[in-house]
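Engineer: One predicted model, sequence on top.
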Amino acid sequence: MSLAYERGVAGSTEPFFLDGLLEDHLYAEFSEYLGDEERPDPNEITESEVLRVIRLNYELNGVEEPDLQSGVRTYFLTLDAAGLGEYKLATANTEHRIVFRDDITIEDLADGDADSLRRPGAREVADPSEIFHDGFDEQLLTRISPQFRYGLFQDAVGTAYTVLEDRIRDKGNFSNEDHGQDLMSKAFDGDSGPLAMGNASAEKEGFKLLYMGAYMSLRNPPSHRILDDMNKQQAQDAISMVNFLLTLVENQK
C-alpha cells in the first residue's frame, strides 16, 4: 500500500493495482480457479464462493477462519482498487462480495487482457517496453515502468535515480546511511572510491563529477524550474542516462 505515500500519485491509482493483479502469477491462478466455478450471478463473487475455492485448491492447514475471511476481503478491496468492480459490505441478507463492472467478468481477469480490463479512457500514455529496448537494465525498467506508462514522467525519473543510488550503494558495499551526492563522491573518489573509474587522475575526477552531476541535477526534477513540465522525451533521455551510468558500473572489471 506504499502507493499512498508516492509523490505524484495523487490521481487514480487503478492502473497500478491492475498491473499488480496481472503480473502476479498467484492472482492469475486464483482468477482461473474462480472462473471455473458456477455462480448464481456471473457478475459478482461472494465471500463464501472465494472461501470454497481456497479450500479446494490450496492447503492452508492451521490458518484460522477469521484470517481467511480477512484475506478474502483484502482480495475484494484489491479488485475494487484496480477499478474492476465495487466491494460490497455484508448486510442482513447478503455476504461480503465484489460486484464487477458491467463490461467485465472474472473470466476476463483470468485471461489477463489488460486492455479489456481497464476502464474506458484509462489507456497507457507510453509503453516503456517499446521505448527502452533490449539490453536495458532489467531492474531499472521494472521499477520505472508503472510511472512512465501512465505519464508520471517526473516520478519515473526520480525512481530511476533511486535505482542508481541503490546499485552504487550495493556495488560499493556502502551502508544505508550513505546517500545522495556524498555517496557518489565517496564511491567514485579517484584515490579511495571502490567504484573509481579511469586511469589518469583527471579521468577519475571526470567520472566522479559525472555521477555527482547527474544525481544533483536530475534526482529531484520537480525542484528544478527547467523541468517543471517534464515530457515523455525528456524523461526518456534522463532515464537512458541512468541506464548508461548503471552500465558503466556493471561493466567495471
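Structural biologist: Thanks, I have the structure now.
Engineer: going forward, measure contacts between C-alpha atoms and count neighbours the same way
Structural biologist: Will do.
Engineer: Which residues lie in contact with the nearest residue to D178 once chain neighbours are set aside in this structure?
Structural biologist: Excluding the flanking residues, the one nearest D178 by CA to CA, 6 or more residues apart in numbering is R169, at 7.4 Å. Each residue near R169 by CA atoms under 8 Å, 6 or more residues apart in numbering is listed here: 175-176, 178-179, 183.
Engineer: now for the helix or strand bottoming out on mean pLDDT in the chain, which elements pack on it?
Structural biologist: One helix or strand of the chain scores below all others by mean pLDDT, DSSP states H and E: helix 114-117, with a mean of 78. Helices and strands touching helix 114-117, by 3 or more CA pairs under 8 Å, 6 or more residues apart in numbering; DSSP states H and E, are helix 106-111.
Engineer: Relative to the whole chain's centre, how far out is the helix it packs on?
Structural biologist: Its chain's average C-alpha position is 22 Å from that of helix 106-111, according to CA atoms, centre = their mean, to the nearest Å.
Engineer: Please save the CA atoms from that helix in PDB.
Structural biologist: Coordinates of each C-alpha in helix 106-111 appear next as PDB, following Å, rounded to 0.1, in the frame of the first residue of the first chain:
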ATOM      1  CA  ILE A 106     -13.900 -12.900 -13.600                       C
ATOM      2  CA  GLU A 107     -13.100 -14.800 -16.800                       C
ATOM      3  CA  ASP A 108     -11.700 -11.600 -18.300                       C
ATOM      4  CA  LEU A 109      -9.400 -11.200 -15.300                       C
ATOM      5  CA  ALA A 110      -8.300 -14.800 -15.700                       C
ATOM      6  CA  ASP A 111      -7.500 -14.200 -19.400                       C
END
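Engineer: Surely R101 and G85 touch.
Structural biologist: Yes. Assessed by CA atoms under 8 Å, R101 is found in contact with G85 at 4.9 Å.
Engineer: Next up, the contacts around the nearest residue to E29 once chain neighbours are set aside.
Structural biologist: Counting by CA to CA, 6+ apart, E29 lies nearest to A110, which is 7.4 Å off, once chain neighbours are set aside. By CA under 8 Å, 6+ apart, the contact set of A110 is 28-29, 31-32, 35.
Engineer: Which single one of those residues is nearest to Y211?
Structural biologist: Y211 lies nearest to A28 out of those, by CA to CA, at 40.9 Å.
Engineer: so what secondary structure elements neighbour the helix or strand where the closest one lies?
Structural biologist: Assigned by DSSP states H and E, A28 falls within helix 25-35. Helix 25-35 is packed against helix 14-23, helix 47-57, helix 106-111, with contacts defined by 3+ CA pairs under 8 Å, 6+ apart.
Engineer: Could you pull up the residues touching Y211?
Structural biologist: Going by CA under 8 Å, 6+ apart, Y211 touches 184, 245.
Engineer: Likewise for the one 4 residues further on?
Structural biologist: Shown here is Y215, whose contacts under the criterion CA under 8 Å, 6+ apart are 161, 180-181.
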